[in-house]
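J.: need a structure here:
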Amino acid sequence: MQMPRNPPQFSELWQQAQGDQERLLRLIGMGTLGPDGRYVHWDKLIHLTPPEGLTHKDWWLSLKLARIAAAKKLPLLRDKDDGGFGYTLADPIPELLHEVDLGAGGRIEMPSQITNAETKDQYYVESLIEEAITSSQLEGATTTRRVAEQLIRSGRRPSDRSETMIFNNYLTMKKIASLKAEVLTPELVLDIHKRVTRDTLDDADACGRLRSASEEVVISDDEGRVFHRPPHADELKERLERMCAFANGAPDDIFIHPVLRAVILHFWLGYDHPFVDGNGRCARALFYWSMLHHGYWLCEFISISQILLKAPAKYGRSFLHTETDDNDLTYFILYHLDVIQRSVTELHDFIAKRTGQLRNLESRVRNLGALNHRQRALLSHALRHPGHEYSIITHRTSHNVVYETSRTDLLELRDLGMLTADKRDRTWVFSVPEDLEERLSS
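T.: Numbering: from 1, shown residues only. Now for the predicted structure:
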């Protein structure tokens, strides 16, 4: 990842423009936040053609004047030099926020697979696994997806650091869902960090505590180029308290859209980098907590890290663009809102794909000549209701057959491996095996 070029100093550009009032009035009158509706950084602007009669610096000054006039300040978030942060509601931020409101919270209409209690857990677990794997891979975990899925589904003990990172992430994300009604406290943040980093740090004592003054942390690449130096360790306790106050609604006299609050919380922990390791995983976990805390329930079923992992350099640049351009959070906000939107789209695509797979399997079931129509109907139901249990009585009632016919139907499916069976209080109970789809496919 390349470090973006630092923009010209606004104060210097402003001072230089004072000598030509006519030109200055033209720059002020342009009033746009970005070329062609795009909110671009200086690093990109210098490769674009400026308006006729203007230099790139003139153009940048006009954009900065408009952005400063539209900026919303965040009084609690300060940089390491006590400078402030802010953002603008540049297009398409209002539209993206509206789409997230409609697509991830409230009384949105979702496919029955999400709202059906019998199938909801299947999609919930899939999402947890996806987020656990990709969030850990962003931080360096190297375990393959197949091994990681087997690890989580089987419940076996992790065998190395990468597997432990993934397993910790999985358990932490499950815990986050149960904490959504809680207020955020420094103790809770430290507990989340302890959960994601347990048994994965070189220094086990660093798990669940803030870094000390002797533990200098910088964000750099393999060649030693430093991209970010976080605030000094002496400031971290106070900064963490301010971050929690912000997460819980402070300042109460300023309205900040809940989604923006969650996105800024993600940035805040990433910027402060309060831990020796595990900051990224912890920051993303806090984003999920904040979204769920504010009622965006669909976030239990999406994975932002799978989008971030596809282009990690863009993720990094969204931090760097903010820090190098006067702490303008608009860059990070625009990037993160796009990630949320794409995650919701991928969930819908995944559900559509799964629905198509189930339809294909049901079609194959209907063509299984060795089974009677009652058995085929039961398997079709079982595919859409994983974990469901059947009994001789319920099958008999559903198809209006005698007891012996119902018993024969279910025992034959057991013998074919399509159901599992055990006796409870001398009554047969038949269950759907977890790998029913694989059994039917083969």
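
J.: Ramachandran angles for residue 427?
T.: Backbone dihedrals for residue 427, given as degrees, to the nearest 10, come out at phi -120, psi 130.

J.: ah, wrong one, I meant residue 302
T.: Here residue 302 shows phi and psi, under degrees, to the nearest 10, equal to phi -110, psi 160.

J.: Need the nearest residue in space to it, chain neighbours excluded.
T.: Excluding the flanking residues, the one nearest residue 302 by Cβ to Cβ, 6 or more residues apart in numbering is residue 343, at 4.1 Å. Quick note: C-beta positions are derived from backbone N, CA and C, even for glycine.

J.: separation between that neighbour and residue 229?
T.: 31 Å (Cβ to Cβ, to the nearest Å).

J.: ok, the residue nearest to residue 208 when sequence neighbours are not counted - how many residues close by?
T.: The spatial neighbour of residue 208 that comes closest, neighbours along the chain excluded (Cβ to Cβ, 6+ apart), is residue 194 at 3.0 Å. A count of nearby residues for residue 194, using other Cβ atoms under 10 Å, gives 17.

J.: circling back to that earlier point, pull out the buried positions in the host helix or strand of the residue nearest to residue 302.
T.: Here residue 343 sits within helix 330-366, counting by DSSP states H and E. Using 16 or more other Cβ atoms under 10 Å as the test for burial, helix 330-366 gives 330-337, 339-341, 343-344, 347, 350-351, 354, 358, 361-362, 365.

J.: Beyond that helix, next helix or strand please.
T.: helix 373-384.

J.: Check which helices and strands that next one sits against.
T.: Contacts defined by 3 or more Cβ pairs under 8 Å, 6 or more residues apart in numbering; DSSP states H and E place helix 373-384 against helix 330-366, helix 392-399, helix 403-415, helix 436-441.

J.: would you turn those helices into JSON lines with distance to residue 97?
T.: What follows is those, written out as JSON lines (distance: least, Cβ to Cβ, whole Å):
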{"stretch": "helix 330-366", "distance to residue 97": "7"}
{"stretch": "helix 392-399", "distance to residue 97": "47"}
{"stretch": "helix 403-415", "distance to residue 97": "50"}
{"stretch": "helix 436-441", "distance to residue 97": "38"}
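
J.: want to throw those into CSV with distance to residue 302 and mean pLDDT?
T.: Formatted as CSV, these follow (distance: least, Cβ to Cβ, whole Å; pLDDT from 0 to 100):
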stretch, distance to residue 302, mean pLDDT
helix 330-366, 4, 87
helix 392-399, 35, 90
helix 403-415, 36, 94
helix 436-441, 23, 84
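
J.: Next, the contact list for residue 254, please.
T.: 72, 75 (Cβ atoms under 8 Å, 6 or more residues apart in numbering).

J.: For my notes, confirm it occurs in a helix.
T.: No: using DSSP: H, G, I helix; E, B strand; the rest coil, the assignment for residue 254 is coil, not a helix.

J.: Test for you: state the pLDDT assigned to it.
T.: pLDDT for residue 254: 92.

J.: go on, residue 232?
T.: 96.

J.: And for residue 107?
T.: For residue 107, the model assigns a pLDDT of 53.

J.: which SSE is the residue nearest to residue 281 when sequence neighbours are not counted in?
T.: Spatial nearest neighbour of residue 281, chain neighbours left out: residue 196 (4.5 Å); criterion: Cβ to Cβ, 6+ apart. Residue 196 belongs to helix 186-197 when elements are defined using DSSP H and E.

J.: how about the CA coordinates for that helix, as CSV?
T.: The C-alpha trace of helix 186-197 is given here as CSV (Å, rounded to 0.1, in the frame of the first residue of the first chain):
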residue,chain,number,x,y,z
PRO,A,186,-14.1,0.5,29.1
GLU,A,187,-14.4,-2.8,31.0
LEU,A,188,-16.6,-4.2,28.2
VAL,A,189,-14.1,-3.1,25.5
LEU,A,190,-11.2,-4.8,27.5
ASP,A,191,-13.4,-7.9,27.8
ILE,A,192,-14.0,-8.0,24.1
HIS,A,193,-10.3,-7.6,23.5
LYS,A,194,-9.5,-10.4,25.9
ARG,A,195,-12.0,-12.7,24.0
VAL,A,196,-10.5,-12.0,20.6
THR,A,197,-6.9,-12.3,21.6
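
J.: got the contact list for the helix or strand just after that helix?
T.: Next along the chain after helix 186-197, taking DSSP H and E as the criterion, comes strand 219-220. For strand 219-220, contacts defined as Cβ under 8 Å, 6+ apart pick out 226, 227, 228, 229, 230, 273.

J.: Now do the following helix or strand past strand 219-220, average pLDDT.
T.: Going down the chain from strand 219-220, the next helix or strand is strand 226-228, by DSSP H and E. Here strand 226-228 scores 92 as its mean pLDDT.

J.: contacts for strand 226-228?
T.: Against strand 226-228 from outside (Cβ under 8 Å, 6+ apart): 1, 3, 218, 219, 220, 221, 271, 273, 316, 319, 320, 323.

J.: got it, and stretch 333-345?
T.: 39, 87, 90, 92-93, 96-97, 99-100, 103-104, 259-260, 263-264, 266-267, 298, 302-304, 306-308, 314-315, 318.

J.: Mind giving me the PyMOL command for buried ones among these?
T.: A single PyMOL command selects the buried members of the contacts of stretch 333-345 (16+ other Cβ under 10 Å):
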select buried, resi 39+87+90+92+93+96+97+100+103+104+259+260+263+264+266+267+298+302+303+304+306+307+308+315+318
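
J.: Quick one: find the helix or strand in the protein with the lowest mean pLDDT.
T.: The weakest-scoring helix or strand in the chain, judged by mean pLDDT, DSSP states H and E, is helix 112-115 (a mean of 59).

J.: Which helix or strand lies directly C-terminal to that one?
T.: Counting by DSSP H and E, the next helix or strand C-terminal to helix 112-115 is helix 117-138.
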